[in-house]
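In: Provide a 3D model corresponding to the input given below.
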Amino acid sequence: MVIQSAEVEHQGTDTLRKLVLDLPENAFMIASVFNVNHRGERRTYTSITRQRPLFFLGSIRREHVFAIGGDSEDFTGPGYEDDWFAQCLTKGLGLKGVYREDIVGYHYKHPPGPGLRNETYQQMKQLYLRKVADAKAGKTPYFNNGLGCPQRTRQGRCSGGTASD
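Out: The predicted structure is shown next:
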């Protein structure tokens, strides 16, 4: 599966081919994504030198998305939903990120959101911190409730098929 933010435009004619065909079995792939402002200044979002497992532009195997339950529906506002998704992949499934310099995307400049001091954003941050603390303590698995799952393993992963089977 290719996962791409709506604000990101991939560069090159073979980007999708690389994202899909070069994807290792037990990993996910993240492209180098940059934001360029009106002054031409470039800010790195993800790259080999800034390894953040955030899917501005990347790929992952469908079975891995189902194994962690997809996206969490607990995050009802902006912020930290992608960080939790990454935690589920790396800590929950033990997947490694493959960061590619030869796959590039540019993030479109858009008006900033409400900012880091927004109450909803801060609530999402607290939710994320609580989910990570609970998972580290073994209280809950690194798992999301975004996909139907008829049966779960002790670790919280889907087993026995998925709701779409």
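
In: Let me know the secondary structure of Arg130.
Out: At Arg130 the chain is in helix, as set by DSSP: H, G, I helix; E, B strand; the rest coil.

In: Can you give me the separation between it and Gln123?
Out: 11 Å (CB to CB, to the nearest Å). Using the backbone N, CA and C atoms, a C-beta is placed for each residue, glycine as well.

In: Overlap of the contact sets of the two?
Out: With contacts defined as CB atoms under 8 Å, 6 or more residues apart in numbering, no residue is adjacent to both Arg130 and Gln123.

In: What segments of this protein are helices?
Out: Assigned by DSSP state H, the helices in the chain fall at 15-21, 62-67, 81-87, 119-136.

In: okay if I get these as TSV plus mean neighbour count?
Out: Output for these, formatted as TSV (neighbours: other CB atoms under 10 Å):
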stretch	mean neighbour count
helix 15-21	15
helix 62-67	17
helix 81-87	20
helix 119-136	15
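
In: avg pLDDT for the longest strand seen in the chain?
Out: Once the chain is assigned using DSSP state E, the strand that runs over the most residues is strand 96-107. Throughout strand 96-107, pLDDT has a mean value of 95.

In: Can you point out the buried residues in that strand?
Out: If you call a residue buried by 16 or more other CB atoms under 10 Å, then strand 96-107 has these buried ones: Gly97, Val98, Tyr99, Arg100, Ile103, Val104, Gly105, Tyr106, His107.

In: what's the closest of the helices of the chain to Tyr45?
Out: helix 81-87 (11.1 Å; CB to CB).

In: would CSV of the helices of the chain with distance to Ile48 be doable?
Out: Listed next are the helices of the chain as CSV, based on distance: least, CB to CB, whole Å:
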stretch, distance to Ile48
helix 15-21, 14
helix 62-67, 21
helix 81-87, 16
helix 119-136, 25
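
In: Now tabulate these in a markdown table and tack on distance to Met29 and mean pLDDT.
Out: Listed next are the helices of the chain as a markdown table, based on distance: least, CB to CB, whole Å; pLDDT from 0 to 100:
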| stretch | distance to Met29 | mean pLDDT |
| --- | --- | --- |
| helix 15-21 | 6 | 94 |
| helix 62-67 | 12 | 91 |
| helix 81-87 | 13 | 94 |
| helix 119-136 | 23 | 93 |
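
In: related to what we said a few turns ago, the longest strand of the chain pairs with which strands?
Out: Strand pairing for strand 96-107, using DSSP bridges, gives strand 8-11 (antiparallel), strand 27-36 (parallel).

In: Name the stretch among these that sits most buried.
Out: Among these, strand 27-36 has the highest mean neighbour count (mean count of other CB atoms under 10 Å), at a mean of 22.

In: No further questions, thank you.
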